[in-house]
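> Predicted model, plus sequence, below.
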Amino acid sequence: MKIAFLGAGAVGLSVAGMLSRVCDVYAVCRKRHSDAIQSQGLILSGIWGEHNFRFPCGETLPPDEKFDYIFITSKSQDTREICRTNSEAIKDSSVISLQNGIGNEEIISEFTDSVIGGMIITGFEWRGNGKVHVSVQAAPMRIGRFPSGPDKDVNSLADIIQKAGIDVITDENIRGALWGKTMYNCALNPIGAIMQVPYGELLNDNAWSVIRDIVHEAFDVCRAEGVTLEWSSPDKYLAFLHDTQIPSTAEHHSSMYQDISAGKKTEIDFINGAIVEKGNLHNIDTPVNRTIVNMIKFRESLNK
Ligand SMILES: NC(=O)C1=CN([C@@H]2O[C@H](COP(=O)(O)OP(=O)(O)OC[C@H]3O[C@@H](n4cnc5c(N)ncnc54)[C@H](OP(=O)(O)O)[C@@H]3O)[C@@H](O)[C@H]2O)C=CC1
Ligand SMILES: CC(C)(CO)C(=O)C(=O)O
């Protein structure tokens, strides 16, 4: 079994490292990370254990090599460029996105007929080049044929991931799971980034009042899109967010906060921006999500 990772950063290198215990992996990542991994190995700390993984990596895929599965683990704004650059390798492989937001699987499906959606609700933080800390985990990874349905390729991938020591379940409604994760990211990431606080602080009454509006708007859009979520109403989801998801990731600083702090562009267009864009298609007004997008873009512009 051969598995490649494209756009391997905090998430991709960590998953690649774990999988290197049970199959052949190759990670396409930035030179600073491949240099560090070649000299000292990938150093992984935190709740997935203390590890030093050695596996091949570089700035491009080795030519003419075939992979059974290819993971895309870049930020969403880089998905299209990565697919274009690697279109030859992608067209004959099963391609799995482990990214946040709405739209990655649709982009990937322009390049291959075999798309697997992946949802990971674990926190990964950089601790230096080739060094990642796994901080929190709210649920097992989920993978499933995109947009939905059972699949034997998905089952064999899940077996390998589980053997590598990562908790995973297969999901016949992965589109719903991805929208469910996006609901969480819409609610928490931008306010955490603007206020520069970890998720746990967002139980504050004023923050919660904004979160409630974000989730109600996002729910309306999900319904119009025909997405089946695990929760039958926005209030049921808000109760789950409040009582289960926030407590189990309370210490985490959202990836959006980390991007803003590092002076990078965020994934806002694929998170709250996707709610606004899909809302427009269905004539659903999403004023709170729109305001949040504008605030994050303003924040990004201050970094330029
Ligand atoms: N970090 C987390 O805790 C979690 C993140 N996610 C999601 O997973 C995805 C990845 O996140 P994360 O791992 O944190 O992101 P990172 O920024 O750590 O990793 C992505 C890496 O891909 C690199 N990259 C971009 N384009 C290319 C390219 N063409 N060739 C090679 N490398 C490239 C980036 O380089 P550069 O820095 O130069 O852009 C970066 O090093 C996102 O969608 C995120 O929202 C999901 C769950 C948890
Ligand atoms: C909380 C976490 C790490 C869960 O996967 C996340 O989605 C993010 O920071 O954007």
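Done, it's in. Ligands and ions are numbered 1, 2, ... in the order given.
> Relative to residue 133, how far out is whichever residue of the chain sits closest to ligand 1?
Here the chain gets closest to ligand 1 at one residue, residue 9, 1.6 Å apart by Cβ to the nearest ligand atom. C-betas here are computed from N, CA, C, even on glycine. Distance of residue 9 to residue 133, given as Cβ to Cβ, to the nearest Å: 13 Å.
> Next: residue 264.
18 Å.
> and the residue in the stretch 1-150 of the chain that ligand 2 sits nearest to, what element?
Nearest residue of the stretch 1-150 of the chain to ligand 2, counting by Cβ to the nearest ligand atom: residue 123, 3.9 Å away. Assessed by DSSP states H and E, residue 123 sits inside strand 122-128.
> about what we covered before: so the residue of the stretch 1-150 of the chain closest to ligand 2 makes contact with residue 248?
No - contact criterion Cβ atoms under 8 Å: residue 123 and residue 248 do not qualify, at 10.2 Å.
> which residues do those two both contact?
136-137 (Cβ atoms under 8 Å, 6 or more residues apart in numbering).
> Comparing these two, which shows the higher neighbour count?
Set residue 123 next to residue 248 and count neighbours by other Cβ atoms under 10 Å: residue 123 wins out with 23 against 15.
> check contacts around the more buried one.
Neighbouring residues of residue 123 by Cβ under 8 Å, 6+ apart: 134-137, 249, 252.
> what is in contact with residue 9 and residue 133 at once?
Each of residue 126 lies in contact with both residue 9 and residue 133 under the rule Cβ under 8 Å, 6+ apart.
> In terms of neighbours, single out the busier of residue 264 and residue 133.
residue 133 (18 against 15).
> That one: what secondary structure?
strand (DSSP: H, G, I helix; E, B strand; the rest coil).
> Residue numbers of the stretch 151-300 of the chain in contact with ligand 2?
When proximity is defined as Cβ under 6 Å from any ligand atom, the stretch 151-300 of the chain approaches ligand 2 at 185, 189, 249, 252, 254-255.
> out of those, which is most surrounded?
Among these, residue 189 has the most neighbours (other Cβ under 10 Å), with 30 neighbours.
> Could you check which helix or strand contains that residue?
Judged by DSSP H and E, residue 189 forms part of helix 174-195.
> so what's residue 131 bridging to?
Beta-bridge pairing of residue 131 under DSSP bridges involves residue 43, residue 128.
> is it true that residue 82 lies in a strand?
No - assignment of residue 82 by three-state DSSP gives helix, placing it outside any strand.
> pretty sure it is touching residue 6, no?
Yes - with contact defined as Cβ under 8 Å, residue 82 counts as touching residue 6 (5.0 Å).
> These two: which is more packed in?
A count of neighbours by other Cβ under 10 Å puts residue 6 above the other of residue 82 and residue 6, at 26 against 21.
> Okay, the residue of the stretch 1-150 of the chain closest to ligand 2 and residue 216: tell me how far apart.
Distance of residue 123 to residue 216, given as Cβ to Cβ: 26 Å.
> same deal with residue 77?
Residue 77 sits 27 Å away from residue 216, going by Cβ to Cβ.
> all strands in this structure, in order from the N-terminus.
Secondary structure of the chain, counting by DSSP state E: strands at 2-6, 24-28, 42-46, 51-53, 57-58, 69-72, 94-97, 115-119, 122-128, 131-137, 141-145, 168-170.
> wait, which of these is closest to residue 155?
Set against residue 155 and scored by Cβ to Cβ, the strands of the chain come closest in strand 168-170, at 6.1 Å.
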